[in-house]
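A.B. asks: give me the fold of what follows.
(one chain, ligands or ions: 1)
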Amino acid sequence: MCGIVGYLGKQQAAPILLDGLAKLEYRGYDSAGVCVFSDGFCVRKTEGRLRNLSTQIDGGAALQGNLGIGHTRWATHGAPSDINSHPHVATNGKISIVHNGIIENYLALKEFLMKNGKTFVSDTDTEVAANLLEYLYEQEGDLLRAAQAATKQLEGSYAMGILCIDRPNAMLAIKKDSPLIFGFGEGENFIASDVPAILKYTRKVVYLNDGDMVDFTADSAVFYNSLGEKVSKTPEMITWELSAAEKGGYPHFMLKEIHEQPKALCRTIHPRIKDGKVCLGDLTITEDYLRNIHRIYIVACGSAYYVGCHGKYILEKICRIPVEPVLASEFRYCEPVLGEDTLVIIISQSGETADTLAALRQANSLGARTLGIVNVVGSAIAKAANDVVYTWAGPEIAVATTKAYSTQLSVMYLLAMYMGELLGTLSREEYDAMLDAMQKLPEQIEQIITDENLAKISAIADDCRDNHDVFFIGRNLDSPTCMEGSLKLKEIAYVHSEAYAAGELKHGPISLIEKDTLVIAVACVAELFDKTMSNVKEVKARGANVLGLTTEDMEEEIRKTVDRYILVPKTHPLLQPSLNIIPLQALSYYVALARGCDVDNPRNLAKSVTVE
Ligand code: G6P
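C.D. replies: This is a model prediction of the structure:
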């Protein structure tokens, strides 16, 4: 969480910083600030959204200077407030920093620094880091040496942009466990938490590694590794367009990303199918290895975890290997039994979720083989996993995931087929049927998101806007879809909702059903349709208002039991979840709109959760 950006060149820094921060707001948006170097540090920071800051400094025009750092915050240490916002300037005004991450030992460091004359005005860990840097700078007389010494004392994660009052033409940036990129311009250079922040100005970037530092001016950049040795870095060229990270005429990123799903799925699936076979590029998993694994864990957070829950059904069915989906935050502390005979699949859009990354490192250290399903290229999880399969969904900006989720699910199918083929557990017939169905998914998603269908879903959403409690029920593969549908509704529409395996209703939750309670019944697993309908009847008998979701061929059947229904095209049974989730994403979107919520930036959330 939190986004940082830095600029040094010939242009006025502040407008560029604001522009960059606008692209990073998905990382946190409870306050924002900039520090520009002109005659000295000129800091402007304010609680609330970036537009407040922008208004305050006249879109950046009010701040002179060609060197600056900026920050958009998701509060960890101290409430969102002007004082707690970044940048933070150290006691004697020599150091100003922006920081993404958490300094875990900040209290001990603060005590030490206070004994050594440093004073604090905020509750943040970042102000401690600023003062530590200043303290060490005052001792060493050199910022680089001070930063190298600071990294030995700072515990936790950080990407920092550091300005020093004695260096009006230079910036230093350091990174550990939080993302940081360096962008090369012509007579100007940049740092940022993510590519979209600087893509307008340069496509030439370096993804910094943990422990790296970069000391740069407008015309030069010197990189150092964790040992303090100078290293040369070869820049990578970003090939995607900035428009991929802009709204492109849609009112919200979420709606745009819902519409991007057909294309995203094409990108994920098509290049991986060659001559009627699934090819997963660099994947190094062999038949021998697969024959010797006894368990697969799928570890992730949030929606990615629900993809893992789907993965259990899909992989077990196809590969006949036991699969256990586990929340990363639980996996870390449950002493998992891991070894060479365990495959740990890690799923993450951002590739930087703190718990997921820690679980991956734990799995690596215990000798398990790890495979990442990741969207952000070059991210920490992509780098740390033994194998990585990218989802290629393109940048996802809305906090609530849609296209990343869908592409993760597609990779799960590809992986299951790939492994099933190696193991010989998937018949040629079934393999071909899945392959065929998978290639049709993008077109079928298009059919779900036509204007006409979305208008129907929007009308249903208008009727649902005042429901305080919603229950999602479904069986088998419909069960994780319910969990994801329910999460979406909570996240962006602030509606209390629960997802239950339909068979579990009678073991408790049915006592919560009252007249007009909204129950959303997902009944897309053909062989369990009747059983789910029995559960629907049970809740209807207690007054529930039921919205059904099923496949087109079941229209006649479902209309007999539910109050309203949504239909999706039918596909191969294992792939059906890819279609079922689409109307639920749209439903949450329209309920959020109807309730006047900030769809893309829901309260208290951030897209990249880089804290435990
Ligand atoms: C946050 C996001 C979710 C996401 C989860 C895991 O909670 O809002 O959309 O599923 O983090 O993030 P990851 O980047 O690891 O997929």
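
A.B. asks: could you use CA atoms for every contact and neighbour count after this?
C.D. replies: Fine.

A.B. asks: got the residues of the protein near the ligand?
C.D. replies: Taking Cα under 6 Å from any ligand atom as the criterion, the chain approaches the ligand at residues 301-304, 348-351, 353, 399-401, 606-609.

A.B. asks: in three-state terms, label residue 145 for me.
C.D. replies: Put simply, residue 145 is helix when judged by DSSP: H, G, I helix; E, B strand; the rest coil.

A.B. asks: repeat that for residue 524.
C.D. replies: Classified using three-state DSSP, residue 524 is coil.

A.B. asks: and the residue of the stretch 401-550 of the chain found nearest the ligand, which of the three is it?
C.D. replies: The ligand sits closest to residue 401 of the stretch 401-550 of the chain, with a gap of 4.3 Å, by Cα to the nearest ligand atom. Secondary structure for residue 401, judged by three-state DSSP, is coil.

A.B. asks: any idea how far residue 581 is from the closest residue to it other than its chain neighbours?
C.D. replies: Among residues not flanking residue 401 along the chain, residue 303 sits closest, at 7.3 Å (Cα to Cα, 6 or more residues apart in numbering). To residue 581, residue 303 is 11 Å away according to Cα to Cα, to the nearest Å.

A.B. asks: shared neighbours, these two?
C.D. replies: Counting by Cα atoms under 8 Å, 6 or more residues apart in numbering, the residues touching both residue 303 and residue 581 are residue 484.

A.B. asks: ok, back up a step: burial measure for the residue of the stretch 401-550 of the chain closest to the ligand, as a count.
C.D. replies: By the criterion of other Cα atoms under 10 Å, residue 401 has 22 neighbours.

A.B. asks: likewise for the one 3 residues further on?
C.D. replies: Taking other Cα under 10 Å as the criterion, the count of residues near residue 404 is 28.

A.B. asks: what's the helix or strand for it?
C.D. replies: helix 403-423 (DSSP states H and E).

A.B. asks: ok, then the element right after that helix?
C.D. replies: Note on helix 403-423: by DSSP H and E, the next helix or strand toward the C-terminus is helix 428-448.

A.B. asks: sorry, back to before: give me the contacts around the helix holding residue 404.
C.D. replies: With Cα under 8 Å, 6+ apart, helix 403-423 has contacts from 257-258, 260-261, 264-265, 268-269, 278-280, 286-287, 290-291, 303-304, 307, 310-311, 314-315, 318-319, 347, 349, 373-375, 389, 391-393, 396, 426-427, 431, 438, 575, 578.

A.B. asks: now swap in stretch 272-280 and tell me
C.D. replies: Against stretch 272-280 from outside (Cα under 8 Å, 6+ apart): 281, 389, 414-415, 417-418, 432, 435.

A.B. asks: buried set for that stretch?
C.D. replies: For stretch 272-280, a neighbour-count test (16 or more other Cα atoms under 10 Å) marks 272, 278-280 as buried.

A.B. asks: cool, stretch 424-435 as well?
C.D. replies: Going by 16+ other Cα under 10 Å, stretch 424-435 has these buried residues: 426, 431, 434-435.

A.B. asks: and the lowest-mean-pLDDT helix or strand in the chain, how far out from the chain's middle?
C.D. replies: Taking mean pLDDT, DSSP states H and E as the measure, the chain has helix 287-291 as its least confident helix or strand, at a mean of 91. Put simply, helix 287-291 sits 32 Å off its chain's centre (Cα atoms, centre = their mean, to the nearest Å).

A.B. asks: also stretch 495-511?
C.D. replies: Distance, centroid of stretch 495-511 to centroid of chain: 28 Å (Cα atoms, centre = their mean).

A.B. asks: start the count at 137, not 1, going forward
C.D. replies: Shifting the count to begin at 137 puts that one at stretch 631-647.

A.B. asks: quick check: mean pLDDT across that stretch?
C.D. replies: In this model, stretch 631-647 has a mean pLDDT of 92.
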